[in-house]
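[1] predicted model and sequence follow; I will ask about them next.
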Amino acid sequence: MNPNAEKNTRLDLTDEELVVMLHENELLAFKEIYTRYWYQLYLVTNRRLRSQEATEEILQNFFTTFWINRKQTRIRTSLKAYLYTAIRYSIINHLAREATRNNYVELIAYDLKETNNATEETVFLNDLQQNIDKILCQLPKKCRAVFELSRKEHKTNKEIAQLLNLSEKTVENHITNALKLFRLNLKETLISLSLAWLLHR
């Protein structure tokens with residue numbers, strides 16, 4: 001489906017009515033939700049990932065899962081809030097799976113500025129941040145200082161080396177070691193958090 005999907009003919013139904021129809025196994029309701037929100041979710045996802053291919057893959061997987069789990073899904077907020085929260089969880093999960101330096105730094109820097117203030121999303125991201133802070137505390141002092149300069153202040157390796165009187169190679173080694181620790185711990189953390197989060201949907 002392309003971004004112009006939202007321009008298709010729509011059903012004259014409220015979001016609440018669509019959710020009720022969806023739980024009743026109504027494919028037409030699902031198609032309407034897809035048409036109504038696909039492009040908005042595309043913009044949110046692509047703005048974060050800056051990749052059309054990754055964005056479309058995430059949306060395809062999300063809506064497929066949304067349809068498969070339609071009867072078990074409990075939407076306690078508005079449909080829009082639920083979809084935005086769920087897609088941001090999908091973005092976080094994608095970044096974790098990528099397991100590259102830039103994506104991990106972006107994941108760790110993922111904060112509440114981009115949220116829509118949905119309570120469940122705020123709780124999820126706060127829990128994620130607490131677990132990230134715990135992992136950071138496990139790093140040796142110098143390694144943590146290097147990594148936080150890279151994450152929080154977006155310093156280059158050269159700038160960090162000058163600030164801490166280290167070689168650029170040493171800075172790179174500290175960042176590599178920090179990322180290894182995150183790779184070992186963060187995916188497990190995300191699994192446990194996501195399970196808890198989904199059980200409360």
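    Nice, I can see it. None of the values given here were measured: they were computed from a predicted structure.
[2] quick one: buried residues of stretch 134-153?
    Neighbour counts using 16 or more other Cβ atoms under 10 Å place 135, 136, 139, 143, 145, 146, 147, 148, 149, 150, 151 of stretch 134-153 among the buried residues. No exception for glycine: its C-beta is placed from N, CA and C like everyone else's.
[3] can you pull out the helices in the chain?
    15-23, 27-49, 52-68, 79-98, 101-108, 119-137, 141-151, 157-164, 168-199 (DSSP state H).
[4] poorly predicted segments of the chain, please.
    Per-residue confidence of the chain (counting by pLDDT under 70) places the weak regions at 1-11, 96-128, 186-201.
[5] give me the residue at the spatial middle of it.
    residue 92 (2.4 Å; Cα atoms, centre = their mean).
[6] okay, now the domains of this structure?
    As assigned by automatic domain parsing, the chain contains the domains 9-73, 100-201.
[7] switch these over to CSV; also include distance to residue 79.
    Listed next are the domains of the chain as CSV, based on distance: least, Cβ to Cβ, whole Å:
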stretch, distance to residue 79
domain 9-73, 4
domain 100-201, 12
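[8] so for residue 84, which of those sits nearest?
    domain 100-201 (5.2 Å; Cβ to Cβ).
[9] any figure for the gap between the residue of the chain positioned farthest from its centre and residue 148?
    Distance to the chain centre peaks in the chain at residue 165, reaching 35.3 Å (criterion: Cα atoms, centre = their mean). From residue 165 across to residue 148, the span is 17 Å (Cβ to Cβ, to the nearest Å).
[10] then residue 49?
    Distance from residue 49 to residue 148, counting by Cβ to Cβ: 24 Å.
[11] run a quick neighbour tally on residue 27.
    11 (other Cβ atoms under 10 Å).
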